Every structure is written in C-alpha cells, then in structure tokens.
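**Q** I would like the atomic coordinates for the input below:
(chains A and B)
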Amino acid sequence: DVKVTQSSRYLVKRTGEKVFLECVQDMDHENMFWYRQDPGLGLRLIYFSYDVKMKEKGDIPEGYSVSREKKERFSLILESASTNQTSMYLCASSLDRAGNEQFFGPGTRLTVL
Amino acid sequence: DAKTTQPTSMDCAEGRAANLPCNHSTISGNEYVYWYRQIHSQGPQYIIHGLKNNETNEMASLIITEDRKSSTLILPHATLRDTAVYYCIVKSAIESNFGNEKLTFGTGTRLTIIP
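**A** Below you'll find the model as predicted:
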C-alpha cells in the first residue's frame, strides 16, 4: 500500500520558533509537495520538489523553506513561525513529473501561539 | 479565476447512487478532470480522472459530457464512509517546465450520506 507519513498530527509552537515538518514516502516517487489548507481558501501549494536537492516555489512560499536530501524525505521549514502560519499542512507525492495522481499524508495541524 | 464550479453541499441516502456534478466550461484540450475527496481529519484521496471518455474504477465512475464542459462523479452505492468533501480539479496531464504539477483545490462539494 502506498504510504505518505508526516512526523506529527498536531503541533503547537510559539511565535519566532523554528519549526520543522517532516514528510516521508515509501513509494520511490519523484515529486513531493507541501500544501497548506485553510478554511475558505482550499489547498495552496507552498513548495514542491521534483528530485533530490531540487525545489520549486509554489504559490505561497514566503516564510517557508524546504529541504530534500533524500528521495523519500521532504521537509518543510518555518524559519521564524508566525501566528498567520497556523494551518493544516499537507504533504503529497506523485510518481510522475506531471504530478497527476498525488498521494497525501494525514496532515499536520500546526498552531502558532 | 475558478476553473471548476461545484455545489457547496449535497445529501444522499445510504445505498443510493451519489451523483456529484462539476462545471468546467473553460477546460482546454490537454486538461484532464480529476476527482479527489477529503474525509474529515484526513489528507485528500485520489478517486479517478479522465480526459473525454467515461471512466470507471473500483471507487467510482466519471461521466464527461461530449463538449467536456461538465462532468459527474458517480458513487454507485454510497455508504456512510463516503461522507466527505469532494473536489473536482482540472489539470494538464503534460509534464512541463514546472507549471503543471500542482493541484488547485477549490472549496468542493460537502457530501453527506444519510443513514
């Protein structure tokens, strides 16, 4: 079975803290994605990666960075967390470069106080 | 600009077929129609996709009109576990220089299966 796992389901951090969200997929997929989901705004793409050490900005990259040192792992980093980054964060992966069938993790609900 | 339009919510009786409509009148020739759903507190789940022919898999059927401006997702025998938000997404299936990869989720249709 296809599996995308995220390091935490729930996370509470303070303003200004550095936050790491980890995502691991076991399907040998090329592409990995980070989205955030907010009520009324749907899912918005933050960053994606099509290969190890490669990354591309999505629609809302400001305040975030990413790291992909190994094919199976894609990390989202909030350098200095702010309250407007309180959200549900979803990681996904896809086998092909066009990102057609994406497999999502369960999500991390991050609260920044 | 919204590429798809879906009803905000729908109800369906358990055991009946659930028919979820989607309008995508500005779809272009190389764009596919994808359906995903999101059950409460879970990540989205891929259901099915199609270009112009009707498609069926173990989860659902997808009916696309001949002019491709609208489609219907059919869950043939809805169960309580099908209660979720269903998203219709139009997306190019072509690999390109990093413009086509993202899925653009709208607000979807909240489907409630009634016992």
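**Q** Tell me who's in contact with B:Y34.
**A** A:100, B:46, B:48-49, B:88-91, B:103 (Cβ atoms under 8 Å, 6 or more residues apart in numbering or on different chains). For every residue, glycine as well, the C-beta is placed using N, CA and C.
**Q** Show me those that map onto strands.
**A** Those of these mapping onto strands are B:46, B:48-49, B:88-91, per DSSP state E.
**Q** Below-threshold pLDDT in the chain: ranges please.
**A** Assuming you mean chain A. A:1-2, A:97-99 (pLDDT under 70).
**Q** nope, chain B please
**A** Using pLDDT under 70, chain B drops low at B:1-2, B:93-101.
**Q** Now flag whichever of the contacts of B:Y34 is closest to A:S49.
**A** Closest approach between the contacts of B:Y34 and A:S49, by Cβ to Cβ: B:L103, at 15.3 Å.
**Q** Verify the contact between A:G16 and A:A81 for me.
**A** Yes: counting by Cβ atoms under 8 Å, A:A81 is a contact partner of A:G16 at 6.6 Å.
**Q** picking that back up, make a markdown table out of the ones in strands among the contacts of B:Y34 and add distance to A:Y50 and neighbour count.
**A** Below are the ones in strands among the contacts of B:Y34 laid out as a markdown table (distance: Cβ to Cβ, whole Å; neighbours: other Cβ atoms under 10 Å in any protein chain shown):
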| residue | distance to A:Y50 | neighbour count |
| --- | --- | --- |
| B:Y46 | 19 | 19 |
| B:I48 | 25 | 19 |
| B:H49 | 20 | 18 |
| B:C88 | 25 | 26 |
| B:I89 | 20 | 23 |
| B:V90 | 21 | 19 |
| B:K91 | 16 | 21 |
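**Q** Report the distance from stretch A:90-101 to the chain centre.
**A** In terms of Cα atoms, centre = their mean, to the nearest Å, the centre of stretch A:90-101 is set 12 Å apart from its chain centre.
**Q** right, is stretch B:70-79 up against chain A?
**A** No: on the criterion Cβ under 8 Å from any Cβ of the partner chain, stretch B:70-79 is out of touch with chain A, staying 15.7 Å away.
**Q** Return the set of buried residues in that stretch.
**A** With burial defined by 16 or more other Cβ atoms under 10 Å in any protein chain shown, the residues of stretch B:70-79 counted as buried are B:70-75, B:78.
**Q** where exactly do the strands run in the chain?
**A** Defaulting to chain A. Going by DSSP E, chain A shows strands at A:4-6, A:10-13, A:19-25, A:31-38, A:42-49, A:56-57, A:64-70, A:73-78, A:87-94, A:102-104, A:108-112.
**Q** Hmm, no, I was thinking of chain B.
**A** Along chain B, counting by DSSP E, strands occupy B:9-13, B:18-23, B:31-38, B:45-50, B:55-56, B:61-64, B:70-75, B:84-92, B:109-114.
**Q** Out of those strands, the one nearest A:R9 is which?
**A** That would be, of the strands of chain B and by Cβ to Cβ, strand B:31-38, which comes in at 15.3 Å.
**Q** between that closest one and strand B:70-75, how many degrees?
**A** 40 degrees (axes from the mean of the first three to the mean of the last three Cα atoms, to 10 degrees).
**Q** From the chain's centre, how far out is strand B:31-38? Work that out for me.
**A** With Cα atoms, centre = their mean, you get 4 Å for strand B:31-38.
**Q** again with stretch B:61-79
**A** Using Cα atoms, centre = their mean, the offset of stretch B:61-79 from its chain centre is 8 Å.
**Q** ditto for stretch A:75-94
**A** Offset of stretch A:75-94 from its chain centre (Cα atoms, centre = their mean): 6 Å.
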